[in-house]
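Quick one: sequence plus predicted model below, questions after.
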Amino acid sequence: MRDADMAETSPVRGAMVIKPWGYGVWEQLQQELDRRIKATGHENCYFPLFIPLSFIAKEAEHVEGFAKEMAVVTHHRLKNIDGKLQPDPAAKLEEPLVVRPTSETIIGDAFSRWVRSHRDLPLLINQWANVVRWEMRPRLFLRTTEFLWQEGHTAHASQEEAVEETMKMLEVYRSFAEDWLALPVIAGEKPENERFPGAEATYSIEAMMQDGKALQAGTSHFLGTHFAEAQNIKFQDDVGTLTFCNTTSWGVSTRLIGGVIMTHGDDDGLRLPPAIAPRQIVVVPMLRDKPEDAEVLAYCESLVAALSGLSVFGQPLRALLDTKKIKSAEKRWNWVRRGAPLILEIGPRDAAGGNVTFMRRDSLRDGDKVKSIACSRAEFLEEKAVQLLAEIQHGLYAEAKARLDANIISGVTDWAGVEAYFSGDEDAFKGWLKVSWSRPSGAELDAVEQKLKGLKLTIRNAPLSQPDSFAPCLFTGKPGVEEILIGRAY
RNA sequence: CGGGGCGUAGCUCAGCCUGGUAGAGCACUAGCUUUGGGAGCUAGGGGUCGAGAGUUCGAAUCCCUCCGCCCCGACCA
């Protein structure tokens, strides 16, 4: 990630500095997802970073789930005591504030004031924000102490409508991940033990990284009336009865960028799907401090201007002329590492002959050699540029999709089979197993969880698409009711 | 919080055992040469050796305390 110029670690443990190239990817992702969230009827708001401690305590399961990873603000002033700058005891807050790990409670508080009548519903709100979760083991992009995300929060008159909303947003995430990030995913329901604290049902999209591990790439929760009851979100229906709302929440984060990196990267660095590449085409002029440099530069400038006039994926094409004063060959490799989809190398001969020489980042090499392709400027502008970007986008998806499909393994019906598949070298590639189970709960589910833990496995989700009949439960031997995916996860 | 490892140049690390006052490669700066593709040569800049206390004529090196980071477990978008 450092070589790809995306982000670096910071003086604050677990918190990263996102560099321009990495933030550019986030902006591309953010812009498109924001568009899709608005297209489904939601509006953006902004709620405070700080949440009164008492708010968090309102929903019992919610507190329990997040208590261990909460940053707490207890003072509002520093004082120099014995030569050391420290919190001023006189400035202790009466009620501590927590830094939001998620905003159900503070948004719910607003909802309780905003919702009066069935005419106020549904209430469809989204916010883009940073949140803090004090994780034990942070990992760049995948699990940082502070991360950027969007969290949607909605309130509905009926359970059916809230469930429908939950599923609708899950589908928004699935299609966004697949067509915009080229990230194939499995959408499904999380088992009871993996639910969001306080949720009635949690759904996720799960992506497979190149080492076979699963990454939860997005979640959508049906919260029932749990939060509404805890926070008094009520409405009067059309006959005047006072009823609790059904609420939902759903989010994706900067973790998606980690998913893109770990799905599409190769030995030469990152490979960005063109749809989210901050620069889709980078022109590197091969300059040599000679008089003909001026012609090469002029040719490149007009090329970039023409490219910028094109449109791809329904947006203006993003092209860049890299004029940084470093060696051209080195410049070219920097763009390879960053994952720019198309890199054009333009020398005096191209400029004189009206040609374009380029490299495709998705299929950079032919054996050990880097593949350099040439065509006329006209052909590149009128045909190749847009066509290749679309081809790269689809190609990256297809490659990852083939890996996902090939490594979801069915047919294992007993625990010995699970052990056999996941035994041996822990670093070796292991995919996921799709197994049948009886959907146990309570103590029976705990036992399953513990058993899986022995092999460092977790239940990822129960895919939305299920067969008509099931083998007996792999864990309990009871009749199977559902297929679930199990695997190792980040 | 338990177990293990490590803090020396921007980065990766050597030196520490057997104390004598700082090294390499990459990166950076300059010059020359080279160049249809991740160059070479030469010269140079850059370090209170994580912090503090101790032993000693002398500490990166030995002793003690503290701080930080990484890996393995419990937690997780």
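Received it, and whenever you're ready, just let me know what you need.

just checking, what packs against the helix or strand of chain A with the lowest mean pLDDT?
Scoring the helices and strands of chain A by mean pLDDT, DSSP states H and E places strand A:84-87 at the bottom, with a mean of 74. Secondary-structure packing of strand A:84-87 (3 or more C-beta pairs under 8 Å, 6 or more residues apart in numbering; DSSP states H and E): strand A:78-81. In this view, the C-beta of every residue, glycine as well, is placed from N, C-alpha and C.

just to revisit the earlier point, does any bit of the least confident helix or strand of chain A sit next to RNA strand B?
No. Strand A:84-87 lies out of reach of RNA strand B by C-beta under 7 Å from any atom of the strand, never closer than 12.9 Å.

Quickly run through the sheet partners of that strand, with directions.
strand A:78-81 (antiparallel) (DSSP bridges).

Would you mind listing the buried residues in the partner strand?
Within strand A:78-81, no residue is scored as buried using 16 or more other C-beta atoms under 10 Å.

And stretch A:188-200, by the same measure?
A:G188, A:E189, A:K190, A:P191, A:E192, A:E194, A:R195, A:F196, A:P197, A:G198, A:A199, A:E200.

Just the mean pLDDT for stretch A:340-354, thanks.
Averaged over stretch A:340-354, pLDDT sits at 94.

Now do the end-to-end distance for it.
Terminal residues of stretch A:340-354 lie 23 Å apart, using C-alpha to C-alpha, to the nearest Å.

mind checking how far that stretch is from the chain centre?
35 Å (C-alpha atoms, centre = their mean, to the nearest Å).

Near RNA strand B, which residues of the stretch 101-250 of chain A? Just list them.
Residues of the stretch 101-250 of chain A lying near RNA strand B (C-beta under 7 Å from any atom of the strand): A:133, A:135-139, A:142-145, A:147, A:149, A:194, A:196, A:204, A:216-219.

is it possible to export the buried residues of stretch A:188-200 to a markdown table including distance to A:Q28, pLDDT and secondary structure?
Putting these into a markdown table (distance: C-beta to C-beta, whole Å; pLDDT from 0 to 100; DSSP: H, G, I helix; E, B strand; the rest coil) gives the following:
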| residue | distance to A:Q28 | pLDDT | secondary structure |
| --- | --- | --- | --- |
| A:G188 | 27 | 97 | strand |
| A:E189 | 30 | 97 | strand |
| A:K190 | 28 | 96 | coil |
| A:P191 | 34 | 95 | coil |
| A:E192 | 36 | 93 | helix |
| A:E194 | 30 | 91 | helix |
| A:R195 | 31 | 92 | coil |
| A:F196 | 28 | 90 | coil |
| A:P197 | 32 | 87 | coil |
| A:G198 | 33 | 88 | coil |
| A:A199 | 30 | 93 | coil |
| A:E200 | 34 | 95 | coil |
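
Going by distance to RNA strand B, which of the residues you listed wins?
A:F196 (5.8 Å; C-beta to the nearest atom of the strand).

got the contact list for that closest one?
A:G65, A:T202, A:T219, A:H221, A:S249 (C-beta atoms under 8 Å, 6 or more residues apart in numbering).

For the first one, pull up the helix or strand it's in.
Under the assignment given by DSSP states H and E, the secondary-structure element containing A:G65 is helix A:60-66.

And the next helix or strand past that helix?
As the chain continues past helix A:60-66, the following element, by DSSP H and E, is strand A:72-75.

on that earlier part again, most surrounded residue in the contacts of A:F196?
A:H221 (28 neighbours; other C-beta atoms under 10 Å).

which residues of chain A fall in helices?
A:20-39, A:53-56, A:60-66, A:104-114, A:159-179, A:226-231, A:255-264, A:293-308, A:328-338, A:348-353, A:377-379, A:385-406, A:415-422, A:442-453 (DSSP state H).

Reformat those helices into a markdown table and put distance to A:A277 next to each item.
Shown next, in a markdown table, are the helices of chain A (distance: least, C-beta to C-beta, whole Å):
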| stretch | distance to A:A277 |
| --- | --- |
| helix A:20-39 | 7 |
| helix A:53-56 | 39 |
| helix A:60-66 | 35 |
| helix A:104-114 | 33 |
| helix A:159-179 | 15 |
| helix A:226-231 | 39 |
| helix A:255-264 | 10 |
| helix A:293-308 | 13 |
| helix A:328-338 | 9 |
| helix A:348-353 | 23 |
| helix A:377-379 | 22 |
| helix A:385-406 | 9 |
| helix A:415-422 | 36 |
| helix A:442-453 | 38 |
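
Nearest to A:S10, out of those helices?
A:S10 lies closest, by C-beta to C-beta, to one member of those: helix A:20-39, at 12.9 Å.

confidence score at A:D3?
pLDDT at A:D3 comes out at 67.

So the most centrally placed residue in chain A versus A:A406, what's the distance?
Residue closest to the average C-alpha location in chain A (C-alpha atoms, centre = their mean): A:L256, at 2.1 Å. As for A:L256, its distance to A:A406 is 23 Å (criterion: C-beta to C-beta, to the nearest Å).

A:E135 too?
Counting by C-beta to C-beta - A:E135 and A:A406 are separated by 32 Å.

and if you look at A:N126?
36 Å.

Tell me which of these two has more neighbours.
Under the neighbour definition other C-beta under 10 Å, A:N126 and A:A406 were set side by side, and A:N126 has more, 22 against 10.

what about that one, distance to RNA strand B?
Note on A:N126: its distance to RNA strand B, by C-beta to the nearest atom of the strand, to the nearest Å, is 16 Å.

and what of A:R271?
14 Å.

I'd guessed that residue sits against A:D362; true?
Yes. Judged on C-beta atoms under 8 Å, A:R271 makes contact with A:D362 at a distance of 5.9 Å.

So for these two, which residue has more residues nearby?
Between A:R271 and A:D362, counted using other C-beta under 10 Å, A:R271 has the larger neighbour count: 28 against 23.

Point out where chain A drops to low pLDDT.
Chain A contains residues with pLDDT under 70 at A:1-3, A:82-84.

Other residues contacting the helix holding A:G65?
Counting by C-beta under 8 Å, 6+ apart, A:56-57, A:101-102, A:104-105, A:133, A:196-198, A:226-227, A:230 sit against helix A:60-66.

Walk me through the domains of chain A.
The record's domain split for chain A, according to automatic domain parsing, is A:7-264, A:274-390, A:408-487.
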